[in-house]
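Novice: no sequence on hand, only this structure:
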Ligand SMILES: Nc1ncnc2c1ncn2[C@@H]1O[C@H](COP(=O)(O)OP(=O)(O)OP(=O)(O)O)[C@@H](O)[C@H]1O
């Protein structure tokens with residue numbers, strides 16, 4: 001996927017200001033930055049929930065901008081990019097069982113087929129036994145619900161999966177399980193991941209490349225390991241300093257923050 005010169009303003013706020021990056025086939029790219037830096041707006045534009053004022057998003061060379069004509073074209077575009085949201089409690093319909101969720105998605109995108117085998121495959125792929133198939137969301141833990149949301153996204157065989165703070169609401173040990181699961185799925189399927197997160201630990205764990213954003217602008221991008229080991233930009237250094245760890249010094253962080261240029 002290529003994102004080229006993306007811009008989006010809300011009134012006087014430049015939420016996204018000339019952002020470009022590329023996600024290779026089957027790659028994993030993290031977009032990091034503090035609250036309000038424009039991460040979610042990018043995700044919403046990429047998935048098609050928001051329009052860009054300028055710029056383009058291309059998946060396998062095809063632009064996602066512009067109008068689509070007809071239901072089949074809209075569904076085909078939806079299949080290219082799927083998104084998993086932060087809150088597994090809100091993203092699932094409380095009245096529909098796990099199997100029902102998967103069948104609903106499969107019937108919408110691949111009508112007229114028997115989906116029983118695919119439902120079993122998907123449950124297996126996300127580490128949920130067939131026993132979970134009949135459960136309603138309220139019977140599931142947060143981690144299990146996020147597994148269902150991931151299975152639903154995988155059901156349409158997307159080229160790109162956007163994970164918008166997808167593990168932020170989970171306990172640390174459950175986070176680790178879901179991140180491991182996502183790494184396995186990427187290896188098996190070759191689906192590309194776009195991780196939207198404020199958590200550098202997550203980025204370090206599961207991405208090959210990183211884009212650091214501040215006030216809608218990309219301040220630094222490159223290989224995750226390289227950028228985190230030797231950040232060029234003071235803002236990236238500040239984000240790294242802000243990760244609590246032994247020896248963490250709040251005074252140094254406050255000084256680094258003051259040294260950054262003021263908000264535009
Ligand atoms: N629909 C909207 N209307 C007005 N302003 C908006 C809208 N969506 C986003 N913004 C503004 O655009 C800027 C970027 O917001 P965005 O949600 O993309 O940032 P973010 O980095 O994802 O932050 P967070 O992690 O808090 O979601 C913010 O200043 C926000 O207030």
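Specialist: Great, that's in hand. Quick caveat, the model's predicted, so the values are computed rather than measured.

Novice: the residue of the stretch 51-200 of the chain found nearest the ligand: how many residues sit nearby?
Specialist: Closest to the ligand within the stretch 51-200 of the chain is residue 198: 5.9 Å, counting by Cβ to the nearest ligand atom. (Each C-beta comes from the backbone N, C-alpha and C, glycine too.) By other Cβ atoms under 10 Å, 17 other residues sit near residue 198.

Novice: that one against residue 165, yeah?
Specialist: Yes. The criterion here is Cβ atoms under 8 Å, and residue 198 meets it with residue 165 at 7.4 Å.

Novice: confidence score at residue 62?
Specialist: At residue 62, the model reports a pLDDT of 90.

Novice: please name the residues that touch it.
Specialist: Neighbouring residues of residue 62 by Cβ atoms under 8 Å, 6 or more residues apart in numbering: residue 80.

Novice: distance of it from residue 56?
Specialist: Distance of residue 62 to residue 56, given as Cβ to Cβ, to the nearest Å: 10 Å.

Novice: which strands or helices does the longest helix seen in the chain pack on?
Specialist: For the chain, the longest helix by residue count, based on DSSP state H, is helix 172-189. Packing partners of helix 172-189 (3 or more Cβ pairs under 8 Å, 6 or more residues apart in numbering; DSSP states H and E): helix 142-155, helix 200-206.

Novice: hmm, try it at 6 Å
Specialist: helix 200-206 (3 or more Cβ pairs under 6 Å, 6 or more residues apart in numbering; DSSP states H and E).

Novice: next, the residue nearest in space to the middle of the chain: secondary structure please.
Specialist: Nearest residue to the geometric centre of the chain (Cα atoms, centre = their mean): residue 163, 2.0 Å. Look at residue 163: counting by DSSP: H, G, I helix; E, B strand; the rest coil, its state is strand.

Novice: my read: it touches residue 195, true?
Specialist: Yes. Using Cβ atoms under 6 Å, residue 163 is in contact with residue 195, at 5.1 Å.

Novice: can you report phi and psi for residue 170?
Specialist: Dihedral pair for residue 170: phi -100, psi 150, per degrees, to the nearest 10.

Novice: list the contacts of it.
Specialist: 142-143 (Cβ atoms under 6 Å, 6 or more residues apart in numbering).

Novice: all set now, cheers.
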